[in-house]
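**Q** Could you look at this predicted model? Sequence included:
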Amino acid sequence: MSTSSYDTPVLIAGGGPAGLAAALLLARHGVPPLLVERHAGTSIHPRARGLNVRTMEILRTVGLEGDVRDAGAALATSRYMLFVDTLAGEEIRRVPDADLLPVGEALARVTPCDWGRCAQDELEPVLATAARAHGADLRFGTDLVSFSQDADGVSATLADRATGAHRAVRAQYLVAADGAHSLVRESLGVPMAGLGPVSRGQLGHFVNVYFRANLSDLVRGREFILCFVERPGAEGLLLAVNNADRWLFNVEYDPDCGETPDAFTPARCVALIKAAIGLPDLDVEILSVLPWEGAALIADRFQAGRAFLVGDAAHVMPPAGGFGLNTGVQDAHNLAWKLALVLKGTADPALLDTYEAERRPVARVVVDRAVRELAAPTPDGAPAWDGPEQAGPEDGAWGDGDGDPLAQLPPILGYHYASRAVVVEDGVDQAGQVDQAGQVDQADARPEELDLTGRPGTRAPHVWIERASQRISMLDLFDRRFVLLAGAEGVAWCDAARPVAARLGIDLDSYRVGMAGDLIDRDENWGAAYGVTPTGAVVVRPDGTVGWRSAGGIGSPAEELGRVLPRLLCRMPLLARSA
Ligand SMILES: Cc1cc2nc3c(=O)[nH]c(=O)nc-3n(C[C@H](O)[C@H](O)[C@H](O)COP(=O)(O)OP(=O)(O)OC[C@H]3O[C@@H](n4cnc5c(N)ncnc54)[C@H](O)[C@@H]3O)c2cc1C
């Protein structure tokens, strides 16, 4: 079927952070998608406020790191976790960020980025504006009503919520970014499974109340990201949105006692907030009330034919640890380049199967981690959540890392993808079963340790280098194109890479790295960081994942690259094809 038979190459259902990130990333790959979002605009309720360093790296790559920091500037001063009787009353404990997250030198060794703070309602417009600027067609107030798929594409019915008018759309692929209650997932009949005994609702029922009140004088000098209020009758969690007049108050309720979200009327919310702040005369305006359930669930499959689940549609986790939004953006980043190269005809459609193989194991680890974070003892010794005992891991496993801030990094940066889009070294890999062609069949990406050593399947290491007299992070090179990095004596790799890439029709940049190469490595760090000698080379995929590595030089770089580059695209080796 010709591309003119389609209205859009990719239809994205849902304009939350995962859908908007997918739209932006696809559009930047030259595949402008059609995104439909049922709400009239981006989110009005701030939910996520923390962006982890991997998300910030992705935003840096797409040129939005500064915009997102500006959008979240009011939250940047939030540096504490507080424990109080009431906010205006006794302060029980104040825990600085640095005790919870790796910062400063420890962080700078592994990433050029810092943690980001930006409320979701401020982040989404930044993503939407950038997606539109790159050509994505974003339709708000539009519902995906139904869809079906066949061997050639996806047929969908959309409804304009203002007029009720229906419209049929034909797309080559469908990205389901339609959230935890995904219509696409349910229509596909893909079940969600809990992690161990944890299932929907077992991690508590909550309302998240977004309110306006001037609390700037109360928090000045102790700006918090989370504030646990312990006053009996007003227990809950205060969350900063702009450190001035916009805040969230998260309260648990118990359906077993007959409580429902409807019971949280504006008047009751105002009373609860005044009690939690400890100021009976405070002016409080309720902006919105969002009920939510704690859950830890993963879809059995992330792909069904031409449909792909990303974000909360694929995995639902408690907000503890702040992984939900971040994992969704990172899903989109993994999927976008694969869809783009398959749509351009340079990769085999089998490349799309690696999305599930790579991201589902990561989601499992992250969901598990979020559950542990929820139940981990807080720094004042009390559990942050005291849900059912059977919901979590064995005794002693809570809060793994023993309070070591560096323990936060493995689930964020330490993932190891093991799939057909990674060429394992020496045909052997601990993480998966290797088939006869030396490719990993079954992925088991377990980000339990921070493995940033240039091993294929891991996030390419960050090293500061100089390009054209400018200091950049190595990560700044990994944007939309394959990158071959060769050692100072690896000119043969660079010479061989260009014709192989041209024959494959892919965009590939090649660089020699050293004291005198295309990239100047003044600190002589890169070889050790990437595990290669001056005659070695690595190929990094467009998503910044190391795809292949040769520690040293070999007889025929052209033959080797003719073998490995097609494999990263799930294509047959070039030499075998021409033979
Ligand atoms: C109280 C709270 C605090 C949180 N804090 C954090 C945090 O600190 N850090 C973090 O990373 N995460 C956090 N999260 C989680 C985070 O908000 C979610 O993981 C994130 O919003 C998921 O993004 P998404 O795009 O996958 O889904 P959503 O944001 O749910 O977006 C899905 C979109 O799809 C639309 N949609 C659904 N069906 C259709 C349809 N048929 N047609 C058209 N549109 C449709 C919906 O309207 C919605 O806008 C928090 C969540 C809550 C509830």
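**A** Great, that's in hand.

**Q** switch to C-alpha atoms for all contacts and neighbour counts from now on
**A** Noted.

**Q** So stretch 47-67, near the ligand or not?
**A** Yes. Looking at stretch 47-67 against the ligand by CA under 6 Å from any ligand atom, the contacts come from 47-50.

**Q** helices or strands next to the helix or strand hosting Leu343 in the packing?
**A** Assigned by DSSP states H and E, Leu343 falls within helix 324-344. On a contact count with 3 or more CA pairs under 8 Å, 6 or more residues apart in numbering; DSSP states H and E, helix 324-344 meets helix 17-28, helix 53-61, helix 353-375.

**Q** before we move on, the earlier item: and the two most separated of the residues of stretch 47-67 next to the ligand?
**A** Arg47 and Gly50 (9.4 Å; CA to CA).

**Q** Look at stretch 346-356 and report the distance between its end residues.
**A** Length of stretch 346-356, first residue to last, CA to CA, to the nearest Å: 20 Å.

**Q** what residues does it touch?
**A** Residues outside stretch 346-356 that contact it (CA atoms under 8 Å, 6 or more residues apart in numbering) are 301-303, 334-335, 338-339, 341-342, 419-421, 504-506, 566, 569-571.

**Q** Rounded mean pLDDT for that stretch, please.
**A** Taken as a whole, stretch 346-356 has a mean pLDDT of 98.

**Q** and that stretch, which residues are buried?
**A** Buried residues in stretch 346-356, defined by neighbour count with 16 or more other CA atoms under 10 Å: 346-349, 351-356.

**Q** and it, how far out from the chain's middle?
**A** Stretch 346-356 sits 19 Å away from the centroid of its parent chain (CA atoms, centre = their mean, to the nearest Å).

**Q** Over to stretch 252-264?
**A** Relative to the centre of its chain, stretch 252-264 is centred 32 Å away, using CA atoms, centre = their mean.

**Q** Do me a favour and get the end-to-end distance for stretch 542-556?
**A** Stretch 542-556 has an end-to-end distance of 24 Å (criterion: CA to CA).

**Q** shared neighbours, Arg47 and Gly50?
**A** Joint contacts of Arg47 and Gly50 (CA under 8 Å, 6+ apart) are Ala119.

**Q** Is the helix holding Leu343 positioned near the ligand?
**A** Yes. Judged by CA under 6 Å from any ligand atom, helix 324-344 comes into contact with the ligand at 324-326, 328.

**Q** re earlier: which of the helices and strands packed on helix 324-344 is buried the deepest?
**A** helix 17-28 (a mean of 29; mean count of other CA atoms under 10 Å).

**Q** packing partners for that helix?
**A** Against helix 17-28 (3+ CA pairs under 8 Å, 6+ apart) you get strand 8-13, strand 34-37, helix 120-133, helix 324-344.

**Q** The last one versus helix 17-28: what angle between them?
**A** When axes from the mean of the first three to the mean of the last three CA atoms, to 10 degrees is applied, the directions of helix 324-344 and helix 17-28 differ by 30 degrees.

**Q** So which bits of helix 324-344 are buried?
**A** By neighbour count on 16+ other CA under 10 Å, the buried set for helix 324-344 is 324-343.

**Q** ok, now the first one?
**A** Buried residues in strand 8-13, counted by 16+ other CA under 10 Å: 8-13.

**Q** contacting residues around that strand?
**A** Residues outside strand 8-13 that contact it (CA under 8 Å, 6+ apart) are 3, 19, 22-23, 31-37, 144, 169-178, 343.

**Q** Next: the third one.
**A** By CA under 8 Å, 6+ apart, the surrounding residues in contact with helix 120-133 are 16-17, 20-21, 23-25, 27-28, 42-49, 64, 67-68, 71-72, 138.

**Q** ok so, going back, near the ligand, list only the ones from the buried residues of strand 8-13.
**A** Ala13.

**Q** Let me have the buried residues of strand 8-13 in TSV, adding pLDDT as columns.
**A** As requested, the buried residues of strand 8-13 are exported to TSV (pLDDT from 0 to 100):
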residue	pLDDT
Thr8	98
Pro9	98
Val10	98
Leu11	98
Ile12	99
Ala13	98
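
**Q** Adding distance to His315, write the buried residues of strand 8-13 out as TSV.
**A** Formatted as TSV, the buried residues of strand 8-13 follow (distance: CA to CA, whole Å):
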residue	distance to His315
Thr8	26
Pro9	25
Val10	21
Leu11	20
Ile12	17
Ala13	16
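
**Q** Low-confidence bits of the stretch 101-250 of the chain, can you list those?
**A** Within the stretch 101-250 of the chain, the stretches with pLDDT under 70 are 195-202.

**Q** one more time with 90
**A** 101-106, 194-204 (pLDDT under 90).

**Q** which parts of it sit against the ligand?
**A** Residues of the stretch 101-250 of the chain lying near the ligand (CA under 6 Å from any ligand atom): 142-145, 177-179, 182-183, 208.

**Q** Find the pair from those with maximum spatial separation.
**A** Val145 and Asn208 (28.2 Å).

**Q** Have a look at those two and say which one is more surrounded.
**A** Asn208 (24 against 16; other CA atoms under 10 Å).

**Q** Can you name the residues bridging to that one?
**A** Asn250, Leu290 (DSSP bridges).

**Q** Surely it is in contact with Asn250?
**A** Yes. Asn208 lies in contact with Asn250 (CA atoms under 8 Å); the separation is 4.4 Å.

**Q** neighbours of Val251, just the number please.
**A** 20.

**Q** State the distance from the closest residue to it other than its chain neighbours to the ligand.
**A** Spatial nearest neighbour of Val251, excluding adjacent residues (CA to CA, 6 or more residues apart in numbering): Gly236 at 4.8 Å. According to CA to the nearest ligand atom, to the nearest Å, Gly236 stands 12 Å off from the ligand.

**Q** you'd agree Gly236 is up against Cys269?
**A** No. When contacts are counted by CA under 8 Å, Gly236 is not listed as touching Cys269 (11.6 Å).
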